[in-house]
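>>> based on what follows, work out the 3D shape:
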Amino acid sequence: MTPNKKVKILATLGPAIRGQDDIRQLVEAGVNLFRLNFSHGEHADHAERYRWVREVERELDYPIGILMDLQGPKLRVGRFAAGKVQLAKGQAFRLDLDPTPGDARRVNLPHPEIIAALQPGMSLLLDDGRLRLEVTARHAEAIDTQVIAGGELSDRKGVNVPEAVLQLSPLTDKDRRDLAFGLELGVDWVALSFVQRPEDIHEARELIGGRAALMAKIEKPSAVQHLEEIARLSDAIMVARGDLGVEVPAENVPRIQKEIIATCRRLGRPVVVATQMLESMRFSPAPTRAEVTDVATAVSEGTDAVMLSAETASGDYPLEAVQMMSKIIRQVENEPDFQAQLDVGRPQAEPTASDAISCAIRRISAILPVAALVNYTESGTSSLRTSRERPRATILSLTPNQETARRLTVAWGIYSVVKQRLQQVEEVTRTALDVAQAQGLAKPGDTVVITAGVPFGQPGTTNTLRIETL
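Residues are numbered from 1 along each chain as shown. Model (predicted):
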């Protein structure tokens, strides 16, 4: 399991993955952490997949992260008497709280918070944006609209409200039950859907209680507007391009993705680019050229990780999709100008000892032929600050905490080894050199940079840097 790429791969588990052998193959092909999508499947399914991952982790002696992705509120219209209707451009259409099955003139909208938030002139999107309505009037229990882009509308199709902030918690009763279950299992990350404002992060944090790290999904225009505050309050960010691509014009998504990646790197928060990265590989053993370019662009922009969704969860070629994603990542990272591109976007260091050492590490690895950067860390904070610098050499994170090792699987360039708690600088140095060689990152005669914090065992005290020859 010698590290061979800096950008990590997050793969979704589902019915296409049938056991430990499949998990092992995906890890050996390049997966660093797995996603349990709680929008689908029963708790028993997720528990079994969790167990498979942990068994493979023990077998390979290689930390593997597990992320649970909460479903969040699902806003949908009600049912139609005929099962579906055809809406014509320019016609009037009402959405109301009346549960009676709808027709071509009206339908139930069982979400009073949507009616309360909408104003005349605002847009309402139905069925993943295929139909667009404009609000013409709002009443206490209904909204009147005009159809701007028509088409077929059937039972229980989704509703998106891009121009309003809904007075709605991102955590439904189902999410709370799922969260309690996932935390009891021992997931490392919780991905929070339907984030609209910074207050949503506080609510989730209180429920999680430090038992897992929190990843906020940016999928709504209001979240983009509050990006910096949300990122500061979160442990990581996901660019959830599915719903985001419905609620903002498609041509704006690349710019927003770039903005999110740059913001996260500046703040030192890992960022995952997700949704439809290799979508055609659900049914084909090869991706389209556009998909390859999409993955390569995210890697070039400095993302920490890229995600596979249906490609590995329910697709016909899950292993091939991971292998292809790994190839694209390695190809981009091996290009002559890759490091120069990352250096151009290097964020300003903060006036702390940890950042000073992280900057020094980056400069040293650019001047000397450094084989590995070894960081002894309790909490993982110093490893994340080193990752923020995007150094040339692989970051080997030594930690006594299995939880820290698993959470760092999402971060750029960091590979962790769990070791017993060390007490002396010389002990750290000796262990670092031994582990770097055992992991295939260094050989006799190679230069290794080692960092640690003294006194030991206190997070945030990284203040020691050594250059050693193996």
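>>> per-domain residue ranges of the protein.
According to automatic domain parsing, the chain comprises the domains 8-73+169-334, 84-160, 348-469.
>>> in CSV, list those along with distance to Leu342, mean pLDDT and mean neighbour count.
Placement of C-beta: from N, CA and C, glycine included. What follows is the domains of the chain, written out as CSV (distance: least, CB to CB, whole Å; pLDDT from 0 to 100; neighbours: other CB atoms under 10 Å):
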stretch, distance to Leu342, mean pLDDT, mean neighbour count
domain 8-73+169-334, 6, 97, 20
domain 84-160, 34, 97, 16
domain 348-469, 4, 89, 19
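>>> which of the ones you listed sits closest to Thr2?
Nearest of the domains of the chain to Thr2, taken as CB to CB: domain 348-469 at 3.6 Å.
>>> would you mind measuring the gap between the ends of that closest one?
Taking CA to CA, to the nearest Å, domain 348-469 runs 30 Å from one end to the other.
>>> just how off-centre is that domain within its chain?
The chain centre lies 24 Å from the centre of domain 348-469; the measure is CA atoms, centre = their mean, to the nearest Å.
>>> and stretch 100-110, by the same measure?
Centroid separation between stretch 100-110 and its chain, computed with CA atoms, centre = their mean, is 37 Å.
>>> using CSV, write out every CA atom in it.
What follows is the C-alpha trace of stretch 100-110 in CSV, where atoms were taken according to Å, rounded to 0.1, in the frame of the first residue of the first chain:
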residue,chain,number,x,y,z
THR,A,100,-56.3,16.4,-2.6
PRO,A,101,-54.7,14.8,-5.7
GLY,A,102,-53.8,17.4,-8.2
ASP,A,103,-54.6,18.1,-11.9
ALA,A,104,-53.3,20.4,-14.6
ARG,A,105,-54.3,23.5,-12.6
ARG,A,106,-53.0,22.7,-9.1
VAL,A,107,-51.1,20.2,-6.9
ASN,A,108,-50.4,19.8,-3.3
LEU,A,109,-47.1,21.2,-1.9
PRO,A,110,-46.8,19.8,1.6
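>>> neighbouring contacts of it?
76-82, 85-87, 91-99, 115, 143, 153, 159 (CB atoms under 8 Å, 6 or more residues apart in numbering).
>>> mind putting the domains of the chain in TSV, distance to Thr2 included?
Below are the domains of the chain laid out as TSV (distance: least, CB to CB, whole Å):
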stretch	distance to Thr2
domain 8-73+169-334	11
domain 84-160	42
domain 348-469	4
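>>> nearest to Met1, of the ones you listed?
Closest approach to Met1 among the domains of the chain is made by domain 8-73+169-334 (4.7 Å; CB to CB).
>>> just the terminal-to-terminal distance for that closest one.
15 Å.
>>> filter the contacts of stretch 100-110 down to the ones in helices?
Among those, the ones falling in helices (DSSP state H) are Ile115.
>>> among the contacts of stretch 100-110, which ones are in strands?
Using DSSP state E, 85-87, 92-96, 143, 153, 159 are the members of the contacts of stretch 100-110 that sit in strands.
>>> closest to Val31 among those?
For the ones in strands among the contacts of stretch 100-110, the minimum distance to Val31 (CB to CB) is 34.2 Å, reached by Val159.
>>> hang on, the closest one packs against Val77?
Yes: contact criterion CB atoms under 8 Å: Val159 and Val77 qualify, at 6.1 Å.
>>> mutual contacts of those two, please.
Contact criterion CB under 8 Å, 6+ apart; residues shared by Val159 and Val77: 109, 126.
>>> which residues sit against stretch 178-190?
With CB under 8 Å, 6+ apart as the contact definition, stretch 178-190 has outside contacts at 33, 36, 38, 43, 46-47, 50, 65-68, 70-71, 171, 204, 207-208, 211-215, 235-236, 403, 406-407, 409-410.
>>> quick one: secondary structure of Gly242?
What DSSP: H, G, I helix; E, B strand; the rest coil gives for Gly242 is helix.
>>> err, Ser379, not the other one
Applying three-state DSSP: Ser379 is coil.
>>> isn't it right up against Ala405?
No: using CB under 8 Å as the test, Ser379 is too far from Ala405 to be in contact (11.4 Å).
>>> quick revisit: which members of the contacts of stretch 178-190 occur in helices, if any?
Counting by DSSP H, the part of those found in helices is 43, 46-47, 50, 204, 207-208, 403, 406-407.
>>> can you redo the residues you listed as a markdown table with distance to Ala310?
Putting these into a markdown table (distance: CB to CB, whole Å) gives the following:
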| residue | distance to Ala310 |
| --- | --- |
| His43 | 21 |
| His46 | 17 |
| Ala47 | 22 |
| Tyr50 | 20 |
| Ala204 | 25 |
| Leu207 | 28 |
| Ile208 | 27 |
| Glu403 | 29 |
| Arg406 | 24 |
| Arg407 | 25 |
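>>> I'd guessed Arg241 sits against Gln257; true?
Yes: taking contacts as CB under 8 Å, Arg241 lies within contact range of Gln257: 7.0 Å.
>>> which residues are in contact with each of those two?
Val273.
>>> and Ala140, what element?
Using DSSP states H and E, Ala140 maps to neither a helix nor a strand.
>>> list the contacts of it.
Per CB under 8 Å, 6+ apart, neighbours of Ala140: none.
>>> tell me where the stretch 201-350 of the chain has strands.
All strands of the stretch 201-350 of the chain, identified by DSSP state E, counting those that start in this stretch, fall at 213-218, 236-240, 271-274, 305-308.
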